[in-house]
Each structure stands twice: as structure tokens, then as C-alpha cells.
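# predicted model and sequence follow; I will ask about them next.
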Amino acid sequence: MARIALNHVTKEYSGANIVAVDDVSLEIEDGEFLVLVGPSGCGKSTTLRTVAGLEDATEGDVSIGQTRVNGLEPRDRDIAMVFQNYALYPHMNVRENIGFGLRLATDMSKGEIEERVEEAAGLLEITDLLEKKPKALSGGQQQRVALGRAIVREPQAFLFDEPLSNLDAKLRKQMRTEIARIQEQLSVTSIYVTHDQEEAMTMGDRIAVMNDGKLQQVGRPNGVYNHPANLFVAGFIGSPSMNTITAEVTEDNGDVELRSTEREALTYALPAEVGDDLDLTPGDTVTIGVRPEDVRVAVSPNAFDSQSHETTVDVVEPLGSDNLLYLALGETTWTARVPPSFEPPTNETAYLSFPPEALHLFDERGETVKSRVLTDPSTSTRMTAVETDRSQSEARR
Amino acid sequence: MSKERTLPKPIRRYGPLAVLGLFAIWTLLPIGWMFLSSLKIRKSMFEFPPTIFFDPTLRYYQEMFVGANPVTPFLVNSVVVALGTAILSVGLGTIGGYGLSRLDLRGKKHLAFWIISTRMAPIVVVVIPLFYIYNNLNLLNTHAGLIIAHTTFNLPFAVWLMRSFFDEVPIALEEAARIDGATKWEAFRRVSLPLVLPGMGATAIIAIVFSWNDFIFALIFTSNQTQTMPVAAAQLITQTGTLWGRVMATGVVILLPMVTFGVIVKKYLVSGLTMGAVKQ
């Protein structure tokens, strides 16, 4: 087991003039499960491959445990990797696939290897597949074998490169729990790359969001969700995405108001206790962000004690547990997650509202000015002040 | 929905059979004729219409193997040269093809085309300069000389073929092996190489067939001790007449190993040449 550290790692493809990874610094604690998440082409896989030794960092250091591993061959890094397409050796059966690394790189006896392979197969419940060739296995089974090949070597770290993206939705969820269970059981330091924000949220001890080769934010899943560091993270984490609209800061009789730049879609008066804490000057352009679950909708304007805004219900999308409402707000469309019993008529006027606690604000550069203050609607207990403060300041940084 | 025009049913059913039947006759008739003639005495060889039922004789075969000028040394030459060519072509073709497949090289496609284009020159164009070079290097009348000549013509194709086989092996497999503890060489040797074995087989077969059937190189570069079977057969056409029986029997002996070989490796060859034609 080991700590993995990336120190100002940059990976540049000089031929193509592409900076795939741009000055990324990241530490993964011993036994931690870190998820690297971002859209395709954001550099997350390249980052993982520099840790694996399949790519060399152009600048910066990668260390595993106490060793600086730059320039070391993958075989000398004591890591295991699970690939998106599983990369099982087609000419070997499952037993040989799992035992390949042990046969090749250790001086273990045949019996010892056999024992380890059986043990790994038992953990993954694939003992009855040991004599089969990969071609005869289903996607999920192949994935288990690939996992087996990783855990059997008891490496210092697991690297996962989108291991679940080739599986169907149901199996993906099942394997998600499985991988998390095994990682916890073995407590091996793990880096897990995915483009699926839901996977990131559910699996990671911490998640690291990347975009355009740059690290955007690192934090605990809920911290990143509730206090995104910038507009990109806010939009990327969470499904459906956070609702946004650009607005101008105006002042009216000392009260701060946010007026949407586009038509008269929305005007939001910031209560003094919220507005005073924020560094907003009239004339600033900001982006308003609200999570779909924080948007409240009613058919009558008097349903809210706070301010409400006129909208039109475009589509009602029933999810079973919730209904998703698509609401027209000027030219933009907002989404609201409402209880399944609430089904307003479409193409008719409705009213939406959101409390100031739920409001996110981003400045012109997309950096967070204000993030959500977390309240649990069911119990109305607030996060402890300390915790909120800490994550808020983390988010603002 | 577009309305498809179809041919009448009997044509759809029997048309392909008729075409294939004609093709079979076209291909097999000369071979059958050669085979039958090799068993006939000279007089009945030229009868028209040819007889199909007759008293067969093995005397030409007997002459060929135990007569005054046995064909056995030429057969050995052919085998040696064909195997030598196959080993060299497959060996170098595998290494070259692997490099071409895996190397991240600018202008890789141009390089690959340049390699295959060398195969497009007619053999006769290179025979004279090659003769001159061989003469200076003392390679005339040697097995090695003929093997090298055949290999130069087979190698571009072998490289090209092996490259496409390696292209079908996902690079992630080698990466997985390297992470599992293999060196680059071990990843190649223990993962990629076993996966292209059918390809190597197919390449070897193509090299063997080329070498076995080659006439021009063998005619120009060899003399009595190193002659291969096709040249030996041609020498039966002499100034005083053609030994038709021996020609036919030699033809059968040249053909037979290739046919047997072909039948044995048919499955292998087809799977090799179509590997990766369909995405799995």
C-alpha cells in the first residue's frame, strides 16, 4: 500500500502540439479511493497512464510510496491496472490470465500461484470460470477476470481506466458496488478514471474533476456537489445539470438585485443577510446557478412566501420516484425535480422559486462567489457551522 | 421500401452453380488431363477424344525417381529453398510488420506503401542487375542466393500482411502485460506473437507457394546442383524432342505437395487471411 503523489505533472504531445495534462498536482492517500472525473479528452486517462508508466510526464514528478517513478517501466512500479476493454489475453484461459503476472514477475512456486489465483477467483465469485477462455465469457465476467488479474498481485495501487463503460446500465451499477467493496476490503490505494459523474459521486472517497487538462477541484463527493469551485464543476457534477442563467448585479434602494441579462426572464432580489457577505458591485456580470432539486414550482403565484418567477412548463418527464419539469425561462430551459404527485399542465404558466440558501453565484471568469448553504429539508438540520465554513472557503479558493 | 427486381427462381438457384461449374472445369481440366497423361503411354497421350479408361502405367514416375536422371535432388532443392524463404520472410516480416504497426512514426503510411510498392516491379526487371550482383558475391548456384532472391520478393508482402495482423491486436493487451510485469520484449513474445500465429502461418504459406512455383529466378540463378523442380521440368523439353510422359509426371509431383499442403492448412489459411475482417 502506498501514497501516490503527482507534483506539477504536465504531459505534452509535441508532435501534435497538444497539452493533455496541464500542471496537475494531486495526492492520493494510502488506501484512498480517488476518482478522476471529467468529459472525454480532459486528460484524465493520460494522467492515469503517467502514473502507470505507459506515458512519460513531460514535466513534473510522479511518486508511488517513497519512490519517484518517472522513467521507470510499468513493471517496476508495482501497480495493477484495469482497462476499459478489459485487455484479457485471448489465448489464455481465465486461470492463466489471472496468474500471468505472478508467473512472469515473481519467483513464486506453481502451487503458491495456484493458491493465490483460486483465492482471487473466490473473492470475485468466478471460480467456475477458471478453465474458460475470455471469448466464452460475458462482459461482466470478463470484467471480473480483469479485476482478478489486478488483485491477485497485491500491488501497491490499483488504476482503473473507465472499467465499467462497456457494461450495460444494470451491470454497471452492480459492478460499481463490487469494485468499491473489494477496494475497501483490500484497502489498496486506487485511482479510478471515469467520465460518468454518477460513478464518481458514488464510488470515490474523494473526486478530482478535470477539464482541458487542468485539475478543477478535488474534494469529497458531497463537498464538490454542494460547493463546486467553478461553473464547470457545477455544471458537470450532478444530473440533471445545475440550472444557470447570466445576470447583472443591480442595486435598488440599497437592496442588491440580480437581473438576467437576457430579456426579463428573471429578477432576483438578494436578501440583505446574503448579499452583504458577498463581494458584489453593481454592474458585475454573474451567473446564477440553482440545482434542480432546489427549484420549487407551483401553478399559483401565491404558493411561495419567498419571491416567485413566471415560467412555462414545457415538458413533464416522469422518473417514477420524481418528476422532472422542463421550464422555459426566457431563452433558457431550467429543470426542476419535484415529487411524482406534482404534475402541472404543460404549455401553461407556472411559477418557480428558489431560496437564497440554494443559490450559487459565479463571477465572470466562472469562479464561485457563493455556493449552496446546505439544509436537509426533511429534518431541517443545518450542517454544522464549522463544516459549512470550511467547505465554503475551500470552494471559494 | 424499394421494390427489388429479382431474377426468375430457377436462374437464382442454378445460375451460381452453372458459373461455378464452368469455373471448376476451366481450372481442373488441365490438371486432370496432366494427371491422366502422366499415367498413359506416349501413343495414347495424344488420342482424340482422350481416353479416360485405359491401362495405367507408372513407368514415368519410376523413371523419375529411380532412372538415370532422378528428380530427387531437385525436389530436395525446392524444399530447401521454399522452407528457407518461408522462415526468412516470416521472421523478418513479423519483426517489420510489428514495427510498422506499433511505431508512432510520421509518414508511416507512406513508408508502408513504399514497402509494398517494391513488390510491384516485374521480376524480369531485377533479374539482370541481381545476376550481376550475385556473380560478384559468389551467390550464383547456391541455395542461399535463391532464398535471398525469393525473400526480397516475398518480404514486402510479408511485412504488409503481418502489419495488418498486429494492427488487430489491441495495444492495451501489451500494456496490460507490461503492467503485469512483462518487459516490452516479453509482452511481444508472450502476448502479441501467439495472437498473430495464424497470420504467420498464412504468410508462410504464401511465401512457400511463391518460392515453390518460381521459375525465372531459379532458371537464371541456378545450375545443375541447385536447380528446383520447375526448372528441372522445363529441361525435359530438349532439342531432340519433348519427353511428354516425364513432363506430365513431374508436373504432378510439383503440384501434389502444394495441393496436399493446401488441403491441410485450408482452415488455418482462411482464418488467417480473414482475421479481423469482421469486428468482433
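Structure received. Since this is a predicted model, take the numbers as computed values, not measurements.
# wait, does stretch A:3-11 contact chain B?
No: for stretch A:3-11, no contact with chain B is found by Cβ under 8 Å from any Cβ of the partner chain; the gap never falls below 14.6 Å. In short, each C-beta sits where N, CA and C put it, glycine included.
# list the buried residues of that stretch.
By neighbour count, with 16 or more other Cβ atoms under 10 Å in any protein chain shown as the criterion, the buried positions of stretch A:3-11 are A:3-7, A:9-11.
# using the three-state scheme, assign the closest residue to B:Asp167 other than its chain neighbours.
Spatial nearest neighbour of B:Asp167, excluding adjacent residues (Cβ to Cβ, 6 or more residues apart in numbering or on different chains): B:Ser101 at 5.1 Å. Using DSSP: H, G, I helix; E, B strand; the rest coil, the structure places B:Ser101 in helix.
# in TSV, list the buried residues of stretch A:3-11 along with distance to B:Ala218, secondary structure and pLDDT.
Formatted as TSV, the buried residues of stretch A:3-11 follow (distance: Cβ to Cβ, whole Å; DSSP: H, G, I helix; E, B strand; the rest coil; pLDDT from 0 to 100):
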residue	distance to B:Ala218	secondary structure	pLDDT
A:Arg3	68	coil	94
A:Ile4	63	strand	96
A:Ala5	66	strand	96
A:Leu6	63	strand	96
A:Asn7	66	strand	96
A:Val9	61	strand	96
A:Thr10	60	strand	95
A:Lys11	55	strand	95
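# residues in contact with A:His195?
Neighbour list for A:His195: A:37-40, A:44, A:162, A:165 [criterion: Cβ atoms under 8 Å, 6 or more residues apart in numbering or on different chains].
# quick check: A:Val218 touching A:Arg206?
Yes: applying Cβ atoms under 8 Å as the test, A:Val218 and A:Arg206 come out as touching, 6.1 Å apart.
# ok, now which ones touch A:Tyr358?
For the record, residue A:358 is Ala, not Tyr. For A:Ala358, the contact set (Cβ under 8 Å, 6+ apart) comprises A:290-291, A:294, A:372-373.
# quick one: pLDDT of it?
Note for A:Ala358: predicted pLDDT of 91.
# could you tell me the per-residue confidence at the residue lying closest to it once chain neighbours are set aside?
Counting by Cβ to Cβ, 6+ apart, A:Ala358 lies nearest to A:Asp294, which is 3.5 Å off, once chain neighbours are set aside. On pLDDT, A:Asp294 comes in at 94.
# element containing the residue nearest to B:Leu100 when sequence neighbours are not counted?
The spatially closest residue to B:Leu100, leaving aside those adjacent along the chain, is B:Arg163, at 4.5 Å (Cβ to Cβ, 6+ apart). For B:Arg163, the host element (DSSP states H and E) is helix B:143-167.
# just the pLDDT for the residue in the stretch 1-150 of chain A positioned nearest to chain B.
Closest to chain B within the stretch 1-150 of chain A is A:Ala105: 2.6 Å, counting by Cβ to the nearest Cβ. pLDDT, the model's per-residue confidence, is 87 for A:Ala105.
# next up, the contacts around it.
Taking Cβ under 8 Å, 6+ apart as the test, what A:Ala105 contacts is A:75, A:153, B:180-182.
# gap between the residue nearest to A:Ala358 and A:Asn302?
For A:Asp294, the distance to A:Asn302 equals 20 Å [Cβ to Cβ, to the nearest Å].
# and if you look at B:Val127?
100 Å.
# which one of these two has more residues nearby?
B:Val127 (16 against 8; other Cβ atoms under 10 Å in any protein chain shown).
# buried ones in the helix holding B:Arg163, by neighbour count?
B:143, B:145-166.
# now the element after that helix, going C-ward?
Following helix B:143-167 in sequence, per DSSP H and E, is helix B:171-179.
# pLDDT of that following helix, averaged?
The average pLDDT within helix B:171-179 is 94.
# check which helices and strands the helix or strand that comes right after it is in contact with.
Downstream of helix B:171-179, the next assigned helix or strand under DSSP H and E is helix B:184-187. If you count contacts as 3 or more Cβ pairs under 8 Å, 6 or more residues apart in numbering or on different chains; DSSP states H and E, helix B:184-187 packs onto helix B:171-179.
# then the helix it packs on to CSV, C-alphas only?
Only the C-alpha atoms of helix B:171-179 are listed here, as CSV (Å, rounded to 0.1, in the frame of the first residue of the first chain):
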residue,chain,number,x,y,z
ILE,B,171,-2.3,-2.3,-27.9
ALA,B,172,-3.9,-2.5,-24.5
LEU,B,173,-3.0,-6.2,-24.3
GLU,B,174,0.6,-5.4,-24.4
GLU,B,175,0.2,-2.5,-22.0
ALA,B,176,-1.6,-4.9,-19.6
ALA,B,177,1.2,-7.3,-19.9
ARG,B,178,3.8,-4.7,-19.2
ILE,B,179,1.9,-3.6,-16.1
